[in-house]
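Student: Next one to model:
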Amino acid sequence: MTGPARVPMSGVNPFLAGLFCRCPNCGESPLFSGYLKVRTRCDRCGEDLSHAESGDGPVVFILLIIGAIGCFGMLFVEFKFHPPAWLQLAIWLPLMGFLTLAALRPFKAILIALQFHNRASEARND
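Tutor: Alright, predicted model coming up:
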């Protein structure tokens, strides 16, 4: 054992806080000030959010999940209905683009909430 186990910061469920894009500490105030720009400080509890960084994690998860949905969906439609290639592209490319943009915010918020829940920034500074 390297030391005592770390206790999560608050009783806020990180998955729910992330799914609704709320502060990972209080679960009340919005996490983002723009589409993907994280606020520097929570308006409700005053938690410092300036060090919250998810990196490329959300993009990797989204590419794998949405890419699998799109590829398997496109293959299923191709083998079942045999539509022309232009119709496949006209349906699947916008759909995958929309799903990617819709999932990016919640995935980023969930990863930030999990970092706060597990005190990842404190472990990095130790």
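
Student: can we go C-alpha only for contacts and neighbour counts from here?
Tutor: OK.

Student: quick one: pLDDT of Arg124?
Tutor: Per-residue confidence (pLDDT) for Arg124: 57.

Student: now swap in His117 and tell me
Tutor: 88.

Student: isn't it right up against Ala17?
Tutor: No. Using C-alpha atoms under 8 Å, His117 is not in contact with Ala17; the gap is 10.5 Å.

Student: Check the gap between the most centrally placed residue in the chain and Glu53 for me.
Tutor: Centroid check for the chain by C-alpha atoms, centre = their mean gives Phe107 as the closest residue, at 0.9 Å. Distance, Phe107 to Glu53, using C-alpha to C-alpha, to the nearest Å: 12 Å.

Student: Could you count how many residues lie near Leu114?
Tutor: Leu114: 20 surrounding residues under other C-alpha atoms under 10 Å.

Student: chain center to the strand or helix carrying it: distance?
Tutor: Per DSSP states H and E, Leu114 falls inside helix 85-117. Put simply, helix 85-117 sits 9 Å off its chain's centre (C-alpha atoms, centre = their mean, to the nearest Å).

Student: Can you name every helix or strand that the host helix or strand of Ile65 contacts?
Tutor: Assigning secondary structure by DSSP H and E places Ile65 in helix 57-81. Where contact means 3 or more C-alpha pairs under 8 Å, 6 or more residues apart in numbering; DSSP states H and E, helix 57-81 is packed against helix 85-117.

Student: Give the buried residues for the helix it packs on.
Tutor: 88, 92, 96, 99-100, 103-117 (16 or more other C-alpha atoms under 10 Å).

Student: Flag the shaky bits of the protein, pLDDT-wise.
Tutor: 1-10, 121-126 (pLDDT under 70).

Student: switch to 50 and redo it
Tutor: Confidence mapping of the chain against pLDDT under 50 gives the ranges 1, 3-8.

Student: quick one on the thing from earlier: now for His117 and Ala17: what residues contact both?
Tutor: Residues touching both His117 and Ala17 (C-alpha atoms under 8 Å, 6 or more residues apart in numbering) are Pro24.

Student: I figured Phe20 hits Arg105, correct?
Tutor: No. Using C-alpha under 8 Å, Phe20 is not in contact with Arg105, being 9.3 Å away.
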